[in-house]
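In: predicted model, plus sequence, below.
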Amino acid sequence: MAYSQIRLKILPSIRSLFDRMVQLKVEGLAPHKSVELRSKLVDDRGVTFRASAVYKADEIGQVDVCCSPSLRGSYTGVEPMGLFWAMAPDTPHSKFLKKNVLTPTRVELEALSGETGEVLAFTINERGYMIEGVKRIPVQDGSIRGVLFVPPGNGPFPGVIDLYTFGGGLCETRASLLASKGYVVLALAYYGYQDLPKNPKALHLEYFEEAVTYLRTRPEVSGPGIGIISISHSACLALAMSSFLPDPTAAVCINCCNGNTVIPLHYKDIVMPPAPSVWKNVKITASGLKDIRDAAPDTTLEENRASVPPIERASCHFLFAVAEDDHDWNSPLFAQRAAAALRKHGKETFQVVTYPNAGHFLEVPHMPFCPSGFHAAIGGNVVFGGEPKAHCEAQVDLWERIQEFFGRHLAEMAYSQVCMKILHRNDCLFDEPVQVKVEGLAPHKSVELRSKLVDDRGVTFRASAVYKADEIGQVDVCCSPSLRGSYTGVEPMGLFWAMAPDTPHSKFLKKNVLTPTRVELEALSGETGEVLASEINDRGYMIEGMKRIPVQDGSIRGVLFVPPGNGPFPGVMDLYIFGGGLCEARASLLASKGYVVLALAYYGYQDLPKNPKNLHLEYFEEAVTYLRTRPEVSGPGIGIISISHSACLALAMSSFLPGISAAVCINCCNGNAVIPLHYKDIVMPPLPPVWKNVKITASGLIDIRDVAPDTALEENRASVPPIERASCHFLFAVAEDDRNWNSPLFAQRAAAALRKHGKETFQVVTYPNAGHFLEVPHMPFCPSGFHAAIGGNVVFGGEPKAHCEAQVDLWERVQEFFGRHLYNKSAL
């Protein structure tokens, strides 16, 4: 059957930070067939977590988890990260544990046939905790114990203490990920770690005061104050620290009790006893778990007043995050109590964010949901509450709010720590989209984003766009509109495709695909022009393990790209060379999708003639034989991808040569052009140009759209390949504003010739307002340039946005088309 080359892809990369979203796609399935996706990880305790979901492939044999609905399994509906957060432990009541943040969490992903259960594809997502350059520094300073995480860069950075330690030990995951956002974070232990007591009879606030001083005086930390992030019992400590210590500026309290619990807390001559638990309020669930939601007492009762920190004394800002279905204790009630105490004293320095149907452990995004587990103070398993989907959506929202909250309140001046982020990674394939974000701006302020690259000819390309920060001081190019510049509106990849050359009429050139194209990005103040932040996006052409093999075999010249893996893989010949030389960018990127691709030169390269008087189809026949007989290539036939003049050659090859199964012809003429084409005793003369049809544009460029004559005229028949003889499938891609020649007309002529002979083995895809050079996605738009056959600059047509949208759409169609037609059906 078709679609033997099934691929499970993780975009933009198989490596990501744990808190970042990835895009999971399955390609090469039979249309509308059922497929089961499974995920698995093993945590640092050795507990296995799993999830699964059943999907139905679309009409092109693809499942994109970002937009395809799960029909059944661990979750249903469209859940882009469902295979991650929905993972449940094989050992009941186990909470995901990560001890060593220096190593990533490895998530194994499989695609299985929904009919047979056979494993069709497999991949791994390595979900890390530290970006490159973050320092992890064990801390043994005076009495304090913990780990300090310092982000890369010169600093200084805002400082945060992470209290996530009730139950003993030390958890570093949240701290390390927060450090990756530009904070110096001290993950602070306070018992059951190294030489700290295992079961303390009391806690002393002086210990936490020492930790605050340690962090504030680190040279990497900016002032004036620090932040605290806390959850559960440690959030009670955060309230006490904010009440008595001078330096906390911002405190995040997740599902806190506003009174001290479990262990007495001392500070100087003050003792806050633990509020006595109301054990009679403990319930037992139907599954036998303890429900302790109502065991914590009412902190407004007079007998509990001594247990309540006087947060009205606090000079910091608070973010209270409340899970409405928290069953560890009544978090909504306690947040109300804390807010009331602040409001009573005229303080509105707090936010309360509530999350319906969320449970107790609100973690970093995409962490497996934990509905129940062991509770150290209870000595048994308790229910923590929550509904998986709502809980995990809450984690994503809260993580964004935490970064905004600290960004607003921790720097010397609000929003001085401006940072630019490229998600999901700074390095990616050229054809992959990225998400550009700027954070830490003043709310509603203007910012200009600029992009720049230098191609392999030395030509500089640039784009710019002006944005307005939102109410939290952020610009997300994926959803924020550009107000003016190289483009307007919401254009996630506008800073890439809208780049224009400093040297007019230059087409982007990439000669060496072994090195990435480096795109420099800057954020500048819209008022002063000062550079606020910068980043680099390295956009590569080859995935790890791919081979690039120069070809000098017989008379043929070119480069062969072989994807990693055992193979065999479908073979494709890339013809992109009118003007001479060799272009490898498209071939290398196509090989990264699982194809063996021969980028074939046919003149002006190595020892091939520079200006041939004739072309001979025997040369291309030799190349087809070479590719088909490579051991890495599966049969029975190969594909051709072509554009412009090379697409005319693709039609001739398909007409006369065996072994071709699928041909992509982008903006072709269906007749031979420019140079006579010979095959055995056949000669196809070039179509005679109609020079009187040349026009000159208002800007002085040559418009040659109507120079190529109508191929249906009798006098031009000898120049037209007999494509009705072809046994392959065709994909004709047509830019309606192609000014190189009348591509829409020529595609109609080719389709009519096939249809006249009873062949419906073709597709015609048209793109309004697109121009001649339909390239790989996100390639800078080329509206004009030098034309070798004309000897001057010509207009190629198109409107930038429509053209670049066409490139994205066509690239997906090319892969689907080859996936549908290039596999050995009899072997499956």
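Out: Thanks, I have it.
In: pull the contacting residues for Val776.
Out: By Cβ atoms under 8 Å, 6 or more residues apart in numbering, the contact set of Val776 is Phe430, Asp431, Ala585, Arg586, Leu589, Gln807, Trp811. The way it works is simple: take the backbone N, C-alpha and C, and place the C-beta from them, glycine included.
In: actually, Lys268.
Out: Shown in contact with Lys268 (Cβ under 8 Å, 6+ apart): Glu206.
In: need the contacts of Val776 in TSV (columns: secondary structure, distance to Gly169 and neighbour count).
Out: Output for the contacts of Val776, formatted as TSV (DSSP: H, G, I helix; E, B strand; the rest coil; distance: Cβ to Cβ, whole Å; neighbours: other Cβ atoms under 10 Å):
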residue	secondary structure	distance to Gly169	neighbour count
Phe430	coil	45	25
Asp431	coil	45	22
Ala585	helix	51	24
Arg586	helix	52	25
Leu589	helix	47	24
Gln807	helix	52	20
Trp811	helix	49	21
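In: from those residues, which is closest to Thr761?
Out: Distance to Thr761, by Cβ to Cβ, is smallest for Trp811 among those, at 21.9 Å.
In: check the closest one and give its pLDDT.
Out: Turning to Trp811, the model gives it a pLDDT of 96.
In: distance of the nearest residue to it once chain neighbours are set aside from Met420?
Out: Distance criterion Cβ to Cβ, 6 or more residues apart in numbering; nearest residue to Trp811, sequence neighbours excluded, is Pro777 at 5.1 Å. Using Cβ to Cβ, to the nearest Å, one obtains 22 Å as the distance from Pro777 to Met420.
In: now do Gln140
Out: From Gln140 over to Met420 (counting by Cβ to Cβ), the distance is 36 Å.
In: so the two - more neighbours on which side?
Out: Set side by side, Gln140 and Met420 give different neighbour counts by other Cβ atoms under 10 Å, the larger being at Met420 (20 against 10).
In: list the contacts of that one.
Out: Neighbouring residues of Met420 by Cβ under 8 Å, 6+ apart: Val436, Lys437, Val438, Leu521, Glu522, Ala523, Ala533, Ser534, Glu535.
In: element containing the spatially closest residue to the last one that is not a sequence neighbour?
Out: The one in question is Glu535. Here the nearest residue to Glu535 in space, its sequence neighbours aside, is Met420; by Cβ to Cβ, 6+ apart that works out to 4.5 Å. Counting by DSSP states H and E, the element that carries Met420 is strand 419-423.
In: likewise Ala390?
Out: helix 388-409.
In: same for that helix, what does it pack against?
Out: Packing partners of helix 388-409 (3 or more Cβ pairs under 8 Å, 6 or more residues apart in numbering; DSSP states H and E): helix 82-85, strand 226-231, strand 248-254, strand 317-323, strand 350-355, strand 435-439.
In: could you pull up the mean pLDDT of the helix or strand Val794 falls within?
Out: Using DSSP H and E, Val794 sits in strand 792-795. If you average the pLDDT over strand 792-795, you get 93.
In: where does the stretch 351-500 of the chain dip in pLDDT?
Out: Applying pLDDT under 70 to the predicted model, the residue ranges of the stretch 351-500 of the chain that meet it are 411-417, 424.
In: again, 90 this time
Out: For the stretch 351-500 of the chain, applying pLDDT under 90 flags the ranges 375-380, 404, 407-419, 423-427, 439-445, 470-474, 478-479.
In: just name the most buried of the helices and strands packed on helix 388-409.
Out: Comparing those by mean neighbour count (mean count of other Cβ atoms under 10 Å), strand 226-231 ranks first with a mean of 28.
In: brilliant, that's me finished.
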